[in-house]
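Asker: Got a sequence here, can you build the structure:
(4 chains)
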Protein chains: 4
Amino acid sequence: MIPLGRRRWAIPGGNIPPDSTGPEPRWTSFDELCVLNAGDGEASVAITIYYEDREPVGPYKIRIAGRRVRQLRLNDLIDPEAIPLGTAYACVVESSVPVVVQFVRQDTGRAENAALGLMGYPDDGTG
Amino acid sequence: MIPLGRRRWAIPGGNIPPDSTGPEPRWTSFDELCVLNAGDGEASVAITIYYEDREPVGPYKIRIAGRRVRQLRLNDLIDPEAIPLGTAYACVVESSVPVVVQFVRQDTGRAENAALGLMGYPDDGTG
Amino acid sequence: MIPLGRRRWAIPGGNIPPDSTGPEPRWTSFDELCVLNAGDGEASVAITIYYEDREPVGPYKIRIAGRRVRQLRLNDLIDPEAIPLGTAYACVVESSVPVVVQFVRQDTGRAENAALGLMGYPDDGTG
Amino acid sequence: MIPLGRRRWAIPGGNIPPDSTGPEPRWTSFDELCVLNAGDGEASVAITIYYEDREPVGPYKIRIAGRRVRQLRLNDLIDPEAIPLGTAYACVVESSVPVVVQFVRQDTGRAENAALGLMGYPDDGTG
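Answerer: Numbering: from 1, shown residues only, chains lettered A, B, ... in the order given. The predicted model follows:
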């Protein structure tokens, strides 16, 4: 298969909602990265988290087998440290092989849920 | 007309909401692919579904006549098999002619509806 | 100013919500095209509407002065004909000069509002 | 690090919701620009606001240090003038170095919140 995707992606609008209503896990608020590795080889993925007022934190390392998708709640990242809730952050995702990266937020802080989704920015290194 | 679109698209963030509230079909939860074939010739479209923990399933085959759009609820795909609800998946859409692919989710699991929409990732095969 | 944008855009996921709740115009359901003409010259814009089961309709013609944005509710298009509510459609936007096109939906059919937004697909004619 | 992003971005669909419900600042309605400067050098960013019926206003100038994100509520811009609420506008973001720009809206005008998010249009100046 011709490689599908890019090796570097960025999402500037991270902010894990600080509160939730309703039963877990269906109605837990989250920010989520969805990473598709449509190729045959394993992807070594490094996530770096950028903040407004301190140095970036990372890499958060994950592996995704070939022909698999991973939908990763950013709330669940703990090594090297958890992302604080209700705090502005951005993600940069770098992969050893081409992948496709989407972002989804579910915010249940007010009893009814709101959601947003967007494709990441697929950087091609041309500036 | 100059061909409009691309032949390969990807959406990593699929997850059909497992529950709905309100009268069908207006308030049924869904994940939807919207495929525009603006050219004059028929498009033969093959959809492949990727999962987190098993091999991809497909192709799901559809045809779209020239100068037509198709808005296809992923809930309705049954051949070769239905996509389980509440399960992480990704879609890759491959077409015999250029098309444009968008994704829409409606989630009515909590009495009021949430929605998200995003353009697919239009891959150009340059990795 | 270096021209900003593209001359052709597509949005496959149109569907004007068929019902609304709450006072107009704040809470009227809508599908909206947002077109930015950042250049100095007027843009002649032609919108074509594609359907699932009949030939495309258009052009719907609008003009946008230089250095202006236009946010156009698709509900308001009437010439050559209104777009039926609750019906799948796609838009192709063609402009005489480069523009940037975004889509927004507000759905108030269930007392609380849902919204989605996405950038159009900026076609470059390379297929 | 290879520069990540582009120097010019556009978002045509601005419209700060005119009303809010619930405690500030968690539930204040907003339009927000999220700007990631992943490089090492400071970014000098100029925002221009386009309207439907008058000349553009700007530049609104902000600086973002290297390796930082800034999530800026457009409601908070006051120099040279505030953006009126409930009014159609577009943003063009120009930066001295490559950045990545996303847009988020939170609308709490109806007690439950709606949200939308999209990546900006990353212009490459090829028209």
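Asker: Show the contacting residues for the residue nearest the centre of chain A.
Answerer: For chain A, the residue sitting closest to the mean C-alpha position, by Cα atoms, centre = their mean, is A:Leu33 at 2.8 Å. The neighbourhood of A:Leu33, defined by Cβ atoms under 8 Å, 6 or more residues apart in numbering or on different chains, consists of A:Ile11, A:Ile47, A:Arg70, A:Gln71, A:Leu72, A:Leu74, A:Cys91, A:Val93, A:Val101, A:Gln102, A:Phe103. Yep, even glycine has a C-beta here, placed from its N, CA and C like the rest.
Asker: Mind picking the two most distant members of the residues you listed?
Answerer: A:Ile11 and A:Arg70 (15.2 Å; Cβ to Cβ).
Asker: if we can go back for a sec, so what pLDDT did the residue nearest to the centre of chain A get?
Answerer: Looking at A:Leu33, its pLDDT reads 97.
Asker: swap in A:Gly127?
Answerer: Residue-level pLDDT assigned to A:Gly127 equals 69.
Asker: Just checking the biggest strand by length in chain A against chain B, any contact.
Answerer: Longest strand of chain A, by residue count under DSSP state E: strand A:89-110. Yes: interface with chain B: strand A:89-110 contributes A:Pro98, A:Val100, A:Val101, A:Gln102, A:Phe103, A:Val104, A:Gln106, A:Thr108 (Cβ under 8 Å from any Cβ of the partner chain).
Asker: of all those, which comes closest to chain D?
Answerer: A:Phe103 (7.7 Å; Cβ to the nearest Cβ).
Asker: Residues in a beta bridge with the residue lying closest to the closest one once chain neighbours are set aside, which ones?
Answerer: Among residues not flanking A:Phe103 along the chain, A:Ile11 sits closest, at 4.7 Å (Cβ to Cβ, 6 or more residues apart in numbering or on different chains). Beta bridges link A:Ile11 to A:Cys91, judged by DSSP bridges.
Asker: Model confidence score at A:Ile11, please.
Answerer: 96.
Asker: Can you give me the neighbour number for it?
Answerer: A:Ile11 has 27 neighbouring residues, counting by other Cβ atoms under 10 Å in any protein chain shown.
Asker: what does A:Pro18 give?
Answerer: A:Pro18: 13 surrounding residues under other Cβ under 10 Å.
Asker: cool, and A:Val45?
Answerer: By other Cβ under 10 Å, 25 other residues sit near A:Val45.
Asker: just A:Gly22 next, same as before
Answerer: Count around A:Gly22 with other Cβ under 10 Å applied: 14.
Asker: ok, now how distant is it from D:Leu85?
Answerer: Going from A:Gly22 to D:Leu85 by Cβ to Cβ, to the nearest Å gives 31 Å.
Asker: Take stretch A:72-88, keep the C-alpha atoms, and write them as PDB.
Answerer: Provided in PDB are the C-alpha atoms of stretch A:72-88 (Å, rounded to 0.1, in the frame of the first residue of the first chain):
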ATOM      1  CA  LEU A  72      -6.000   7.800  23.000                       C
ATOM      2  CA  ARG A  73      -7.600  10.000  25.700                       C
ATOM      3  CA  LEU A  74      -5.100  12.700  26.600                       C
ATOM      4  CA  ASN A  75      -6.500  12.500  30.100                       C
ATOM      5  CA  ASP A  76      -4.900   9.100  30.400                       C
ATOM      6  CA  LEU A  77      -1.300  10.200  29.600                       C
ATOM      7  CA  ILE A  78       0.800  10.000  32.800                       C
ATOM      8  CA  ASP A  79       4.400   9.400  31.800                       C
ATOM      9  CA  PRO A  80       6.400  11.700  32.100                       C
ATOM     10  CA  GLU A  81       3.500  13.600  33.700                       C
ATOM     11  CA  ALA A  82      -0.300  14.100  33.500                       C
ATOM     12  CA  ILE A  83      -1.700  17.000  31.600                       C
ATOM     13  CA  PRO A  84      -3.500  19.300  34.100                       C
ATOM     14  CA  LEU A  85      -7.200  19.700  33.500                       C
ATOM     15  CA  GLY A  86      -8.700  23.100  32.300                       C
ATOM     16  CA  THR A  87      -5.300  24.200  31.000                       C
ATOM     17  CA  ALA A  88      -4.400  25.400  27.600                       C
END
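Asker: ok now that stretch, how far from the chain's centre?
Answerer: 10 Å (Cα atoms, centre = their mean, to the nearest Å).
Asker: anything in that stretch near chain B?
Answerer: No: judged by Cβ under 8 Å from any Cβ, stretch A:72-88 and chain B are separated, with a smallest distance of 9.6 Å.
Asker: quick one: average confidence on stretch A:62-80?
Answerer: The average pLDDT within stretch A:62-80 is 97.
Asker: likewise stretch A:97-112?
Answerer: Averaging pLDDT along stretch A:97-112 yields 93.
Asker: Close to chain C: what parts of chain A are there?
Answerer: So far as Cβ under 8 Å from any Cβ goes, chain A lies against chain C at A:Glu112, A:Ala114, A:Leu116, A:Leu118.
Asker: Scan these and report the most crowded one.
Answerer: Greatest neighbour count in the residues of chain A next to chain C, by other Cβ under 10 Å, goes to A:Ala114: 29 neighbours.
Asker: Not counting sequence-adjacent ones, nearest residue to it?
Answerer: Of all residues beyond its chain neighbours, the one nearest A:Ala114 is D:Ala115 (4.2 Å), with distances taken as Cβ to Cβ, 6+ apart.
Asker: secondary structure element for the one you found?
Answerer: Using DSSP states H and E, D:Ala115 sits in strand D:112-119.
Asker: Tell me the first helix or strand C-terminal of that strand.
Answerer: Sequence-wise, the next helix or strand downstream of strand D:112-119 (DSSP H and E) is strand D:121-122.
Asker: quick one: strands adjacent to that next one?
Answerer: In the sheet, strand D:121-122 lines up against strand D:6-14 (antiparallel) (DSSP bridges).
Asker: how big is the angle separating the strand it pairs with from strand D:112-119?
Answerer: Angle of strand D:6-14 versus strand D:112-119, following axes from the mean of the first three to the mean of the last three Cα atoms, to 10 degrees, is 150 degrees.
Asker: between the helix or strand following strand D:6-14 and strand D:89-110, what angle do the directions make?
Answerer: Helices and strands here follow DSSP H and E; after strand D:6-14, the next one along the chain is strand D:30-37. Per the same axes, to 10 degrees, the angle that strand D:30-37 makes with strand D:89-110 is 130 degrees.
Asker: In PDB, please show the C-alpha coordinates belonging to strand D:30-37.
Answerer: The C-alpha trace of strand D:30-37 is given here as PDB (Å, rounded to 0.1, in the frame of the first residue of the first chain):
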ATOM      1  CA  PHE D  30     -16.200  32.800  23.300                       C
ATOM      2  CA  ASP D  31     -14.500  32.600  20.000                       C
ATOM      3  CA  GLU D  32     -10.800  31.600  20.400                       C
ATOM      4  CA  LEU D  33      -7.700  31.500  18.400                       C
ATOM      5  CA  CYS D  34      -5.100  28.800  19.400                       C
ATOM      6  CA  VAL D  35      -1.600  29.600  18.100                       C
ATOM      7  CA  LEU D  36       1.200  27.100  18.500                       C
ATOM      8  CA  ASN D  37       4.800  28.400  18.000                       C
END
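Asker: Apply the buried test to the residues of strand A:89-110 next to chain B and list what passes.
Answerer: Among the residues of strand A:89-110 next to chain B, those that count as buried by neighbour count (16 or more other Cβ atoms under 10 Å in any protein chain shown) are A:Pro98, A:Val100, A:Val101, A:Gln102, A:Phe103, A:Val104, A:Gln106, A:Thr108.
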